[in-house]
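Colleague: Just need the structure, nothing else, for what follows:
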Amino acid sequence: MSNLRALVFFATPAHNCSYLPGRQSTTMFVDPKTEVNRTLYSELTAIGFRRSGSHYYRPHCENCQACIPVRVPVAEFSPDRNQRRVWKKNADLVCALVPAAYSEQWYRLYARYIELRHKDGDMYPPSREQFMAFLVEGQTDSWFLEMTLHGELVGLAAVDRLDDGLSAIYTVFEPDLDHRSLGTFAVLWQIEEARRQQLSHVYLGYWILKCRKMNYKSNFKPIEQFTDSRWQALDSN
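Modeller: Residues are numbered from 1 along each chain as shown. Okay, here's the model as predicted:
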């Protein structure tokens, strides 16, 4: 067990919120000089932190608690009708976990996804340096879920292995295959992989009630939220 109280944290200046228009946000980071191993990373995730490259962070906004950490309890999860349909639709994919690294093929899919799906976001324009800084650097037991169709790469999901579960970092996919719901499929695959590894949770990052892009997370039921310093059932009303 690590001593979380001994950690040093820094907060960013207030900046425009990426999710809620007209809001200002502040982010708390673990001191970048801290050596974060898997145990410490797991403990940080259990209290609402996320990893972005070498940075471990969580929202720390004054007068706003809209960003809620959520996780799926693997043993209790049961897919709904639509999720079962997505799973069946993608039965022809070949999926494999490979160590997180850089490859031009992976980057090209990442760049295409950002350019066509998130041109209005703060990750545009994509770059190789951005790919490395976001998905490869600072890795601690980190993997890519590679999804291929007839030998062609169609999806890539960054996944971290924690002591008690998997952390779903980010997923990109071929925009022309939007009908396959590969983002949903990637989460379903990670839930099944966590079950196979006898892990208890899949951490999905932050959920925001008023952010349409986050709505899909509440479709994985049951789902838990970290509020009032404890994990409890998510209230999505």
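Colleague: Pretty sure residue 163 sits in a strand.
Modeller: No. With DSSP: H, G, I helix; E, B strand; the rest coil as the criterion, residue 163 is located in coil rather than a strand.
Colleague: mind giving me the domain split of the chain?
Modeller: Listed domain ranges for the chain are 4-67, 70-233 (source: automatic domain parsing).
Colleague: Let's test this: mean pLDDT of the last one, rounded?
Modeller: Averaging pLDDT along domain 70-233 yields 96.
Colleague: how far does it stretch from start to finish?
Modeller: Across domain 70-233, the straight-line distance between its terminal residues is 9 Å, by CA to CA, to the nearest Å.
Colleague: please begin residue numbering at 134 from this point
Modeller: Happy to do that; since the first residue is 134 now, the last one works out to domain 203-366.
Colleague: Leaving out the residues flanking it, which one is nearest to the residue most central in space within the chain?
Modeller: Among the residues of the chain, residue 302 comes closest to the average C-alpha position under CA atoms, centre = their mean, at 2.8 Å. On the basis of CB to CB, 6 or more residues apart in numbering, the spatially nearest residue to residue 302 that is not a chain neighbour turns out to be residue 291, at 3.8 Å. (Glycine included, C-beta is placed from N, CA and C.)
Colleague: likewise residue 315?
Modeller: Closest residue to residue 315 in three dimensions, ignoring its sequence neighbours and counting by CB to CB, 6+ apart: residue 306, at 3.8 Å.
Colleague: quick one: the one you found and residue 345, what's the gap?
Modeller: Taken as CB to CB, to the nearest Å, the spacing of residue 306 relative to residue 345 amounts to 18 Å.
Colleague: Which residue ranges of this structure form helices?
Modeller: Using DSSP state H, the helices found in the chain span residues 171-178, 214-222, 237-250, 261-264, 315-329.
Colleague: so which of these gets nearest residue 229?
Modeller: Taking CB to CB as the measure, the helices of the chain were each checked against residue 229, and helix 315-329 came out nearest at 10.5 Å.
Colleague: and the angle from that closest one to helix 214-222?
Modeller: Relative orientation of helix 315-329 versus helix 214-222 (axes from the mean of the first three to the mean of the last three CA atoms, to 10 degrees): 90 degrees.
Colleague: which parts of helix 315-329 are buried?
Modeller: 315-327 (16 or more other CB atoms under 10 Å).
Colleague: could the helices of the chain be laid out in JSON lines, adding distance to residue 152?
Modeller: Putting these into JSON lines (distance: least, CB to CB, whole Å) gives the following:
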{"stretch": "helix 171-178", "distance to residue 152": "20"}
{"stretch": "helix 214-222", "distance to residue 152": "24"}
{"stretch": "helix 237-250", "distance to residue 152": "16"}
{"stretch": "helix 261-264", "distance to residue 152": "19"}
{"stretch": "helix 315-329", "distance to residue 152": "17"}
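Colleague: Which one, of those, ends up nearest to residue 190?
Modeller: Distances from residue 190 to each of the helices of the chain were compared using CB to CB; the minimum, 9.4 Å, belongs to helix 171-178.
Colleague: Go ahead and name everything in contact with that closest one.
Modeller: With CB atoms under 8 Å, 6 or more residues apart in numbering as the test, helix 171-178 has contacts from 134-135, 137, 163, 167, 169, 184, 189, 273-274, 293-297, 300, 336.
Colleague: Just the ones of those in strands?
Modeller: Where the contacts of helix 171-178 overlap with strands, as defined by DSSP state E, the overlap consists of 163, 184, 189, 293, 294, 300, 336.
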